[in-house]
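Novice: predicted model, plus sequence, below.
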Amino acid sequence: MFRNKGLLIVVYVFLFSQINAQINVKELCTLHSSINEASGIISINSGKTYWIINDSGTKPNLYEVDTLCNILRTVEIINANNVDWEDVCADKNGNLYIGDFGNNSNNRKDQRIIKVLKTDLDTTQQVGAQTIRFNYSEQVDFPPSANMLNFDMEAMVWMENQLHLFSKNRTSPFSGYTYHYVVPDSVGTYTVSRVDSFKTGPGPSILFWVTGAAISPDESQLCLLSHDKIWLFHPLNKKNLFQSPVKTISLSHFSQKEAIAYADNGSLIIADEINLTLNNGGNLYSLSIDKILNTDKLSFFQKPSVVYYIKEFIDLELGPKDVVEIFSIEGKRVQSENGSDSGRLNVGNLGRGLYYFTIRSGQLLKRNMFFKE
């Protein structure tokens, strides 16, 4: 509900009511053009290098990169194509698991996980892979009705001989839940059932769907990723993951983030896809979560951005080199101005709906949501 008290009033607080902390991600480097749709990332050597996969329709390759984004090796999987690769994880022996389970339309019947043995990965540039196939016991229609569109997977971790999958919720209206499934890590064909669910938020979906996952080396933490935040479960209850204490951490940065991995128990690496609409992506980022892990009091972080109810103008304090951009909630840039213009941002030409604007001051990016009446 909105109440008009003038030009600006704070609303939509429930969007950010769960934010416990805010971190500025550090951009490390720009990935090579051959890795333009990074959808999964994992390290099997304590963060020295990372294996990255691309999203659907690209070559069935694994790319090993360092933290300067140099490609060190490219390994082709010769007996598997890339239908829709969405995440990669590893077991304690360094074997890799590639989730070919992307399912945007919720109509796939051929979900699989591709297993690459470390012994093969270490010795050749072309490998044959094993296949783990599965389907969902709850799905009977392909696709199901709009309010049941929750069979797209983009997130996976390995733990104790099992692969844990987390759904990307595409329901309409948005229900807010990510579903947790468990698949054995050995070759076979399985029917799996939902283990649990976690409500990430009220919507819109683009701010609250899950796009990646990572588990810490000591298995005490689980991170779920979205385009602008992570959900950190710690200390992790291995028997009931979603019964763990959880903190929601804003990344102060919106892009098509789909890949996350631990560098060590206190730091994370994130990769995003190139998004021409947002005019960003294709980078590698790092962030430290040590302070968040070591305290329950998070007041030293910035408070979450508020959301404003706008009729026509937004008054801003801008520096001469600041750049302001407005995006629709779908991520389309609809307006751009720089700090040399008036500090009053006219949004009267925008249609009614939810938007966000960014203010870039050098390397610092600030973001606020607003609802245009």
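Specialist: Everything's here; your move. If you're wondering where the values come from, they're calculated on a predicted model, not measured in any experiment.
Novice: hey, let's count contacts and neighbours off CA atoms from now on
Specialist: Fine.
Novice: residue 33 and residue 78: what is the separation?
Specialist: Computed as C-alpha to C-alpha, to the nearest Å, the residue 33 to residue 78 distance reads 22 Å.
Novice: and the two? Which one has more around it.
Specialist: More crowded of residue 33 and residue 78, by other C-alpha atoms under 10 Å: residue 78, with 13 against 9.
Novice: so the more buried one makes contact with residue 128?
Specialist: Yes. Assessed by C-alpha atoms under 8 Å, residue 78 is found in contact with residue 128 at 5.6 Å.
Novice: distance from the chain centre to the helix or strand hosting residue 336, please.
Specialist: Per DSSP states H and E, residue 336 falls inside strand 333-338. Centre-to-centre, strand 333-338 and its host chain are 25 Å apart (C-alpha atoms, centre = their mean, to the nearest Å).
Novice: residue 250 and residue 19, how far apart?
Specialist: Per C-alpha to C-alpha, residue 250 is found 7 Å from residue 19.
Novice: same question, residue 207
Specialist: Counting by C-alpha to C-alpha - residue 207 and residue 19 are separated by 12 Å.
Novice: and the closest residue to residue 61 other than its chain neighbours, how many neighbours?
Specialist: Spatial nearest neighbour of residue 61, chain neighbours left out: residue 76 (4.5 Å); criterion: C-alpha to C-alpha, 6 or more residues apart in numbering. Using other C-alpha under 10 Å, residue 76 has 19 other residues around it.
Novice: residues in contact with residue 76?
Specialist: Neighbouring residues of residue 76 by C-alpha atoms under 8 Å, 6 or more residues apart in numbering: 59-62, 125-127.
Novice: same deal with residue 110?
Specialist: Going by C-alpha under 8 Å, 6+ apart, residue 110 touches 101, 133-135.
Novice: out of those, which is most surrounded?
Specialist: Counting neighbours by other C-alpha under 10 Å, residue 101 leads these with 28 neighbours.
Novice: for it, give me the pLDDT.
Specialist: What the model reports for residue 101 is a pLDDT of 98.
Novice: quick check on the closest residue to it other than its chain neighbours: phi, psi?
Specialist: Using C-alpha to C-alpha, 6+ apart and skipping residues adjacent in sequence, the residue nearest residue 101 is residue 111, 4.8 Å away. The phi/psi pair for residue 111 (degrees, to the nearest 10) reads phi -60, psi 140.
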